[in-house]
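Q: pasting the structure only:
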DNA sequence: CACGTTCATGGAAACGATTCCATCATGATT
DNA sequence: AATCATGATGGAATCGTTTCCATGAACGTG
């Protein structure tokens, strides 16, 4: 029933060579043409596949790449993960996935597990701050941040969407429609966006219109409903993610705010259902999959050299959730 | 910069005992109380964490669990993966994720990689058929199928939603509304559902109204649009997944079919946006996360014993996408 | 012809854990 | 008092690979 896999020793014996030679042939070292051919033939016959276990132990690292995202249920992270998987697959590397729930403690726990596994390359959407990442980074793990930077760690490469430009575009679009009271409905780790929001609004800024939810759907809904009830004078909302956007639509509907007549809505992240929504949602599209792919690329190609980060463009896609300010 | 982690040998020396004792203490073997305490103290001081690399090699297996899904971008699989991760986390096991794109060849490739990694436990949403899984299963890998069974492999436990009941409920609901020409818009690997669909419809069955798409969005849209154009006489559709449902809504909209006036729509899988859609979609909810969690549980608790599969209930959630048959 | 260089090759030592087995002390039983 | 069972303990083997190093052959050059 349980057949033992062939080991390098089996191949060596069958080919009449030493194990060292087999290893060299298989990893592209020098060997005479005839030896090489014989080894390859035998290896194919025995259906030999080198065990990652032995290799990993010897080189004290597991080839795989670790991937940490807040919530795999969120479509954005789903696409990001997909990008990482695509790149890893083309490199033949396994991916170990963990979720952090945007919780620093849980993140640390996951990192601990990855370390235990000997994972030396990590792509992460960071939840914790610079101090929390400090020990990880100095433990020799090659890290690339995706989607968010970690404050104060400019030495770690990050693959980001151009949030600043995205926010500015959205805000300009809304102000262009005549809106003056514009709210930002944010999630965890969106410091960049909030800053950009403040700058873009300039004199129109109203700190009370900047609210922040935790990662969950419930929290997002509570934040949106609270905002709308507390400040019925606002006429436009920028939702910082598809969960927040979903919550905004739901809360608006619940409070009988019609979109876009009573409330204009722009959502960060283009998701398939944005088009199905009534009305279809105007969004700032982010290349989630690319972010993942590029991050994986960076973490794999990092040959000692410290690569610079990457900034990917966003795009405002106008659909039907924004209208001119109601002048009633 | 790059600090070497403490090994079991370091702990042994620092505690003045042999490595065997350290290993025993840490894995719950017998040891005298004072020795135990000393070892634990020293281990804590050195921040020792056993390397999974060494352990894996010794026991010729990597503890982790392999997870194979068709498409991590699909919300259903996202939730399923989340369930597996939740269970794995509580067991302290890492999860290696791979996507198959519902392609048997790619699935085989991924399995090969898992095998190479020494993964001995796999949760999979299978793409290939019984023959393809044959070598994997006999190679000693503990496998649990999720979401779909593999035809002819009743010996492998599977965690499934009760598709049969779900289909029957939906069909009964639609026929109860007066519909007679009901189509099934299916995806890959939905043999069970199609069979149930045929049985539930009985005399109303029209084979031409059963169409099948491949996994992609494009393919789903093409199938839906083709179906609606080819058979304008149909009055209701059962979409076998959220991608298919999305495609059906889009295609209906494109062809100016109003839901539910011209076309009633029931979708498999309850997704957050089903409520946001216009009209809100009537769905058959599946416990995606539970499926993942239970599957992971089975694959972890499988102590030689071959556990039976699990069938989880579905639920028809009536929203606004179904109406009485138009009698114009 | 002697010598040095280059190359293919195999033996053996890691890597870090688990686990078999032998050893030794202790206490109980005859 | 002699023997035996029990339990704690450490040495050493083992897992499968990579890689260092020594060996020996082949070859070109002085």
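A: Looks like it came in fine. From a predicted model like this one, the values you see are computed outputs, not experimental measurements.

Q: which SS state does the residue nearest to residue A:323 when sequence neighbours are not counted fall under?
A: Nearest residue to residue A:323, sequence neighbours excluded (CB to CB, 6 or more residues apart in numbering or on different chains): residue A:260, at 3.7 Å. C-beta coordinates here come from the backbone N, C-alpha and C atoms, glycine included. Recorded secondary structure, residue A:260: coil (DSSP: H, G, I helix; E, B strand; the rest coil).

Q: Give me the neighbour count for residue A:260.
A: Taking other CB atoms under 10 Å in any protein chain shown as the criterion, the count of residues near residue A:260 is 22.

Q: quick one, what contacts it?
A: Going by CB atoms under 8 Å, 6 or more residues apart in numbering or on different chains, residue A:260 touches A:279, A:320-323.

Q: what about 10 Å?
A: A:177, A:235-236, A:252, A:279, A:281-282, A:319-324, A:326 (CB atoms under 10 Å, 6 or more residues apart in numbering or on different chains).

Q: swap in residue A:277?
A: A:245-246, A:249, A:259, A:265, A:267, A:271, A:319-321, B:273, B:276-278.

Q: what's the answer for residue A:293, then?
A: A:80, A:82-88, A:90, A:146, A:159, A:287.

Q: Doesn't it lie inside a helix?
A: Yes - assigned with three-state DSSP, residue A:293 falls within a helix.

Q: Distance check, it against DNA strand D.
A: Separation of residue A:293 from DNA strand D (CB to the nearest atom of the strand, to the nearest Å): 27 Å.

Q: separation between that residue and residue A:250?
A: Distance, residue A:293 to residue A:250, by CB to CB, to the nearest Å: 32 Å.

Q: The nearest residue in space to residue A:45 that is not next to it in sequence - how many residues pack around it?
A: Leaving aside its chain neighbours, residue A:45 sits nearest to residue A:14 (7.6 Å; criterion: CB to CB, 6+ apart). By other CB under 10 Å, the residues close to residue A:14 number 18.

Q: got the phi/psi numbers for residue A:14?
A: phi -60, psi -30 (degrees, to the nearest 10).

Q: Next up, the contacts around it.
A: A:6, A:22, A:38-39, A:41-43, A:45-46, A:48.

Q: farthest pair in these?
A: A:6 and A:38 (15.5 Å; CB to CB).

Q: Torsion angles phi and psi at residue A:264?
A: phi -90, psi 140.

Q: What strand or helix carries the residue lying closest to residue A:254 once chain neighbours are set aside?
A: Nearest residue to residue A:254 in three dimensions, chain neighbours excluded: residue A:225, at 6.8 Å (CB to CB, 6+ apart). Assessed by DSSP states H and E, residue A:225 sits inside helix A:217-230.

Q: The following helix or strand past that helix - which strands sit beside it in the sheet, and in what orientation?
A: The helix or strand immediately downstream of helix A:217-230 is strand A:236-239, counting by DSSP H and E. Paired neighbours of strand A:236-239 in the sheet (DSSP bridges): strand A:182-186 (parallel), strand A:264-268 (parallel).

Q: can you tell me the distance between the two ends of stretch A:271-278?
A: 14 Å (CA to CA, to the nearest Å).

Q: Quick one: residues contacting residue A:240.
A: A:163, A:166-167, A:184-190, A:193-194, A:197, A:212-213, A:220, A:266-269, A:284.

Q: Show me the contacts of residue A:260 that map onto strands.
A: Among the contacts of residue A:260, DSSP state E puts A:236, A:282 in strands.

Q: So which of the contacts of residue A:260 wins on neighbours?
A: residue A:281 (30 neighbours).

Q: Look up the pLDDT of it for me, please.
A: Residue-level confidence at residue A:281 comes out at 97, pLDDT.

Q: got the residues of the stretch 201-328 of chain A near chain B?
A: The stretch 201-328 of chain A comes close to chain B at residues A:217, A:242-243, A:245-247, A:249-250, A:253, A:271-281, A:288-289, as judged by CB under 10 Å from any CB of the partner chain.

Q: ok, the residue nearest to residue A:323 to DNA strand D distance?
A: For residue A:260, the distance to DNA strand D - CB to the nearest atom of the strand - is 60 Å.
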